[in-house]
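Asker: one predicted model, sequence on top.
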Amino acid sequence: MPSKLLLDYLQRTGAQYQQVQHPVTFTSAQLAEYARHNGSSLAKVTMVKLDGELAMVVLPASHTVHCDLLASALMVDKVEVAQEHEFGHRFPRCELGAIPPFGHLFGVTAYMMPIFDEYASIAFNAGSHTEMIIMPFREYERVAHVETVPRGVVPPSWSKVCELGNVPRRILRSH
């Protein structure tokens, strides 16, 4: 069942969206395949701690948070990926791994990179592993209250390089 909080909010704001039911999916790759969306237009949520404070990062399903780049972009000392036991209670009636990218509905600041700008629509979990929302990207921007940051996530081809601490200059400039 999708998050009632999310659906009520989308209706209250007059947002344009499509609610889609699908077979149970537990990974972004499965959801992207079912939705027939390019992995970059399917959004996922990664919860992080910014100097100990919980925050949400909305990123393409194929990308990964790079803690050092995100810390630099947000001018914080430390970014860590949060563990489910640290944030699960903040998202009542949402299945873990299916949290919708609307941090403000749950009292959490949400950040995203301008990566989605090139896509017409964005798809994301609606609070369950069997429902998703598809909406025009500009509509999502209008209602989601996310803060845009210039960098902080990397595509899969760069992830291994970043894990080793060797961040290519092009990442620092473009993401």
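Answerer: Perfect, thanks for sending it.
Asker: every contact and neighbour count from this point should use C-alpha atoms.
Answerer: Fine.
Asker: how about the strands in the protein?
Answerer: 18-21, 43-50, 53-60, 64-65, 79-81, 109-112, 121-128, 131-136, 147-148, 153-154 (DSSP state E).
Asker: the fifth one - contacts with which helices or strands?
Answerer: I take that to be strand 79-81. With contacts taken as 3 or more C-alpha pairs under 8 Å, 6 or more residues apart in numbering; DSSP states H and E, strand 79-81 sits against strand 43-50, helix 67-74.
Asker: thinking again about what came up before, return the most buried member of the strands of the chain.
Answerer: Highest mean neighbour count of the strands of the chain: strand 121-128, a mean of 26 (counted as mean count of other C-alpha atoms under 10 Å).
Asker: export the helices and strands packed on strand 79-81 to TSV and tack on mean pLDDT and distance to residue 88?
Answerer: Below are the helices and strands packed on strand 79-81 laid out as TSV (pLDDT from 0 to 100; distance: least, C-alpha to C-alpha, whole Å):
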stretch	mean pLDDT	distance to residue 88
strand 43-50	95	10
helix 67-74	93	21
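Asker: TSV please, covering these and showing distance to residue 96.
Answerer: Below are those laid out as TSV (distance: least, C-alpha to C-alpha, whole Å):
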stretch	distance to residue 96
strand 43-50	10
helix 67-74	21
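Asker: on that earlier part again, would JSON lines of the strands of the chain with distance to residue 92 be doable?
Answerer: JSON lines is the format used below for those (distance: least, C-alpha to C-alpha, whole Å):
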{"stretch": "strand 18-21", "distance to residue 92": "20"}
{"stretch": "strand 43-50", "distance to residue 92": "15"}
{"stretch": "strand 53-60", "distance to residue 92": "16"}
{"stretch": "strand 64-65", "distance to residue 92": "24"}
{"stretch": "strand 79-81", "distance to residue 92": "20"}
{"stretch": "strand 109-112", "distance to residue 92": "17"}
{"stretch": "strand 121-128", "distance to residue 92": "9"}
{"stretch": "strand 131-136", "distance to residue 92": "16"}
{"stretch": "strand 147-148", "distance to residue 92": "23"}
{"stretch": "strand 153-154", "distance to residue 92": "27"}
